[in-house]
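Visitor: Give the three-dimensional model of this entry:
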Amino acid sequence: MEDRQILAKSIAEQLGISCEWVGSIIHEDLDMRKLSVKLVPKCLNADQKRQWCHLSEQLLEFFRCDPNDFLSGMVAMDETWLYHYEPETKKQSMEWRRSSSTHPKKFRVQKFAGKVLASIFWNQDGILLIDYLGKGQTMNLFLHDNAPAHWPLSTQKKLVYLGFMCLDHPPSSLDLAPLDCHLFSELKKQLKGHHFSSDVEVIAATETWLDGQPYEFFLSGLQKLELWAKKYMELRG
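Guide: Numbering: from 1, shown residues only. Take a look at the predicted model:
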């Protein structure tokens, strides 16, 4: 308890017992295991946590009134970089080997410089629009995390004119962004480890994967908002 990061080997040396015995005591008798830290985007202050709870309560109120009507009228949007090559994750690179085999090696590789920015609009039925940013171009974006490009006055006026109501998005809260934690995360898993020679190829692979997803995939991503909002309320942000 005095040193949560102490090695089992060090405990064995201090007590004069075997590492196997130390392991047995730790895992079986004390029912403990060693956990790595979980990285989170940001350490939130009290005001930011209140913002999280406020939005969570707002979402839950929509779900309580009429969840089907709420989901059917929701449009989610965000943008992401699609790289010509993005290395596999450590988990994706795992292989079945005999216990006597040595660990496979993998050289550290950086993302290829080639990339294209995709802005994706979707609702519970599927993809509504994908807009790709051309070389040397800029764009004014629609909806709604806290990126500065999402908040110009002209964009806000246009959304009001078109009859949209914008849900606020608290800072550093990827969990409440369905594109980040649902659609983009699954899309990036499919693209990792593949080499694309051009923007055209990576765009084609992206659209092929998106076209192959059933409507339940998109619906479930929006339905998770209710679960996440409840969790935030339980944890008070």
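
Visitor: so what pLDDT did residue 50 get?
Guide: Reported pLDDT at residue 50 in the predicted model: 84.

Visitor: residue ranges for the helices of this structure, please.
Guide: All helices of the chain, identified by DSSP state H, fall at 8-15, 19-24, 46-65, 67-72, 153-161, 178, 185-191, 199-211, 215-235.

Visitor: Quick one: closest of those to residue 96.
Guide: Ranking the helices of the chain by proximity to residue 96 (Cβ to Cβ) places helix 185-191 first, at 19.3 Å. For glycine as for every other residue, the C-beta is placed from the backbone atoms N, C-alpha and C.

Visitor: same question for the closest one, mean pLDDT?
Guide: 88.

Visitor: and residue 132, how many residues sit next to it?
Guide: Neighbour count of residue 132, defined by other Cβ atoms under 10 Å: 16.

Visitor: pretty sure it is in contact with residue 118, am I right?
Guide: Yes - at 5.6 Å, residue 132 counts as touching residue 118 under the criterion of Cβ atoms under 8 Å.

Visitor: quick one: low-confidence ranges for this protein?
Guide: The model of the chain has pLDDT under 70 over residues 39-41, 90, 104-113, 136-152, 168-179.

Visitor: Mind telling me which residue is nearest the centre of it?
Guide: By Cα atoms, centre = their mean, the chain has its centre lying nearest to residue 181, at 2.9 Å.

Visitor: So if we follow the domain assignment, how does this protein break up?
Guide: Domain assignment for the chain by automatic domain parsing gives 1-35, 46-235.

Visitor: And the shortest one, what's buried?
Guide: The reference is to domain 1-35. 8, 11, 12, 22 (16 or more other Cβ atoms under 10 Å).

Visitor: for stretch 202-219, same thing?
Guide: Buried-residue list, stretch 202-219, by 16+ other Cβ under 10 Å: 202, 203, 205, 206, 210, 213, 218, 219.
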